[in-house]
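> Generate a structure from the sequence data that follows.
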Amino acid sequence: MGQSASTASFQVRRDSTSHSHRPGSKSSPLSSPMPVDGIDGQDATDASDYSFHLPDECLACVFQCLGTGDRKQCSLVCRRWLVVEGQSRHRLSLNARADLLPLVQSLFSRFDSVTKLALKCDRRSASIGDEALILISLRCRNLTRLKLRACRDLTDAGIANFAKNCKGLKKLSCGSCTFGARGMNAVLDSCASLEELSVKRLRGLAGDGAAAQPIGPGVAAASLKTICLKELYNGQCFGPLIIGSRNLRTLRLFRCSGEWDKLLQLMADQANGVVEIHLERLQVSDVGLAAISNCPGLEILHLVKTVECTNSGLVSVADRCKLLRKLHIDGYKANRIGDEGLIAVAKHCPNLQELVLIGVNPTKSSLALGIVW
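Have a look, this model is predicted:
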């Protein structure tokens, strides 16, 4: 059986080891491999490299199953693996400091199939400028996703030229950048396939106290499905884009100043196919919630520290949004949402699967109804 064979092989190894250490015996040097079946050491090494006969496409599939660290190690094995790994890499994240510019050409000569690119810079360092971004766009015309973080030296002109070269862009995420409405409008006018837009702390929108330039809708409005705005001083300038995106499915607004009731009313009249809305630290009241209730397909609703929202607004949502399955409420201890609103949800939303309550003080009457239902 397998156990006896293992014991026998162990006995042979032990005997050979004991013979090799007898006095007067000569041991062969370990550095000179013995030929096997007439094949010298070099040929034996090649014969054991199974990837030598593996097509590049198959080798690329193996690399795509590995993590970033393992892929880096594999690229150091040989020149062929280096080339195949570079050509099969579709996702790349770079430290976008100013000294990246001289390396752009060589980097994207190796990584010439990148479709998802992240450019992140330390806030204390000078970031890449327009020249580097335009050069990247010329080498990565098939780019579908771009993430920009703290690239403060990019201007509207650079973003506009990038958008002209990468018209297949589907997802754009930018945070702590300094370009403004002209650059954003250039993206919306050039990238007809854009599906997801995420903007956080876009410094160029607030210019010298002047009225912010409207953003959108552009050709991208027909394809946009997700809009996420975070920490914008005058996020209402995205109003034309939100209202004009008729196929919008997800709207997330975080800590954006200004009054949002009117914009939500206009959005609900145009894009009533929205299925997810997230409102956090926003100036929105029951008027805005009543507008949201005009989206009958709404499935996910987050109301986080929206202190002007009351039971009345929640009741209007529950009455008309019967497909609601996730509801998160952070009342911020304002005590404006309680039993009345929760009872309406329990009665009118039979698909509810997840209910999260923070800073809300429900009583037994509402919670017991929800448990029984």
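> Quick check: buried residues in stretch 314-332?
314-318, 320-321, 324-325, 327-332 (16 or more other Cβ atoms under 10 Å). Quick note: C-beta positions are derived from backbone N, CA and C, even for glycine.
> Quick check: end-to-end length of that stretch?
Stretch 314-332 stretches 16 Å from its first residue to its last (Cα to Cα, to the nearest Å).
> Looking at the buried residues of stretch 314-332, which are in strands?
If you go by DSSP state E, the buried residues of stretch 314-332 have Leu327, His328, Ile329, Asp330 in strands.
> Please identify the buried residues of stretch 292-299?
Ile292, Ser293, Asn294, Cys295, Leu298, Glu299.
> which one is the second one nearest to, not counting chain neighbours?
Think Ser293. Arg320 (4.2 Å; Cβ to Cβ, 6 or more residues apart in numbering).
> what's near enough to touch the one you found?
Ser293, Asn294, Pro296 (Cβ atoms under 8 Å, 6 or more residues apart in numbering).
> Kindly report the same for Lys305.
Per Cβ under 8 Å, 6+ apart, neighbours of Lys305: Glu280, Arg281, Asp330, Tyr332, Gly359.
> Can you tell me the closest non-neighbouring residue to it?
Nearest one to Lys305, counting by Cβ to Cβ, 6+ apart, is Tyr332 at 4.2 Å.
> And the furthest pair within the buried residues of stretch 292-299?
Asn294 and Glu299 (14.9 Å; Cβ to Cβ).
> pretty sure Pro234 is touching Ile215, no?
Heads up, residue 234 is Asn, not Pro. No: in terms of Cβ atoms under 8 Å, Asn234 does not count as a neighbour of Ile215; the distance is 10.2 Å.
> Mind checking which of these two has more residues around it?
Taking neighbours as other Cβ atoms under 10 Å, Asn234 and Ile215 compare with Ile215 leading, 26 against 17.
> give me the element the more buried one is part of.
Per DSSP states H and E, Ile215 falls between elements, in no helix or strand.
> From Asn161, how far out is it?
18 Å (Cβ to Cβ, to the nearest Å).
> same deal with Cys321?
In terms of Cβ to Cβ, Cys321 sits 43 Å off from Asn161.
> for the chain, what spans make up the strands?
Under DSSP E, the chain gives strands at 91-95, 116-120, 145-149, 171-175, 196-200, 226-230, 250-254, 276-280, 300-304, 326-330, 354-358.
> list the buried ones in the first one?
By 16+ other Cβ under 10 Å, the buried positions in strand 91-95 come out as Leu92, Leu94.
> Report all helices and strands that it contacts.
strand 116-120 (3 or more Cβ pairs under 8 Å, 6 or more residues apart in numbering; DSSP states H and E).
> Now do the strand it packs on against strand 91-95, angle only.
10 degrees (axes from the mean of the first three to the mean of the last three Cα atoms, to 10 degrees).
> Partner strands of strand 116-120 and their direction?
Sheet pairing for strand 116-120, assigned by DSSP bridges, gives strand 91-95 (parallel), strand 145-149 (parallel).
> Kindly export that strand (C-alpha atoms) in PDB.
C-alpha atoms of strand 116-120 as PDB (Å, rounded to 0.1, in the frame of the first residue of the first chain):
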ATOM      1  CA  LYS A 116      -8.700  50.900 -15.400                       C
ATOM      2  CA  LEU A 117      -6.300  53.500 -14.100                       C
ATOM      3  CA  ALA A 118      -5.900  55.100 -10.700                       C
ATOM      4  CA  LEU A 119      -3.700  58.200 -10.300                       C
ATOM      5  CA  LYS A 120      -3.200  59.100  -6.600                       C
END
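> Quick one: distance of that strand to the chain centre.
For strand 116-120, the gap between its own C-alpha mean and the chain's C-alpha mean amounts to 10 Å (Cα atoms, centre = their mean, to the nearest Å).
> Going forward, count from 892.
From this message on, residue numbering opens at 892, which makes the last subject strand 1007-1011.
> for it, what is the average pLDDT?
Throughout strand 1007-1011, pLDDT has a mean value of 96.
> which residues make contact with it from outside it?
Under the criterion Cβ under 8 Å, 6+ apart, residues 981-987, 1019, 1024, 1027, 1031, 1034-1042 lie in contact with strand 1007-1011.
> got it, and stretch 970-977?
Residues outside stretch 970-977 that contact it (Cβ under 8 Å, 6+ apart) are Ser942, Asp947, Leu950, Ala951, Phe954, Arg962, Cys965, Ser966, Leu967, Arg1001, Phe1002, Asp1003.
> Run through the stretch 892-1041 of the chain and note the low-pLDDT ranges.
Within the stretch 892-1041 of the chain, the ranges that satisfy pLDDT under 70 run 892-939.
> What are the boundaries of the helices in it?
893-911, 932-939, 947-955, 959-965, 970-978, 995-1001, 1021-1030 (DSSP state H, counting those that start in this stretch).
> State the number of residues packed around the residue nearest to Cys1082 when sequence neighbours are not counted.
Once flanking residues are discounted, Cys1082 sits nearest to Leu1060: 4.4 Å by Cβ to Cβ, 6+ apart. Neighbours of Leu1060 under the rule other Cβ under 10 Å: 25.
> Can you list phi and psi of Leu1060 for me?
phi -60, psi 130 (degrees, to the nearest 10).
> Could I get the contacting residues of it?
Residues near Leu1060 by Cβ under 8 Å, 6+ apart: Leu1034, Thr1035, Arg1036, Leu1037, Ala1054, Val1078, Cys1082, Ser1084, Leu1085.
> I figured Leu1154 hits Ile1133, correct?
Yes: taking Cβ under 8 Å as the definition, Leu1154 is a contact partner of Ile1133 at 6.6 Å.
> In terms of neighbours, single out the busier of these two.
Between Leu1154 and Ile1133, counting by other Cβ under 10 Å, Ile1133 is the more crowded of the two (26 against 21).
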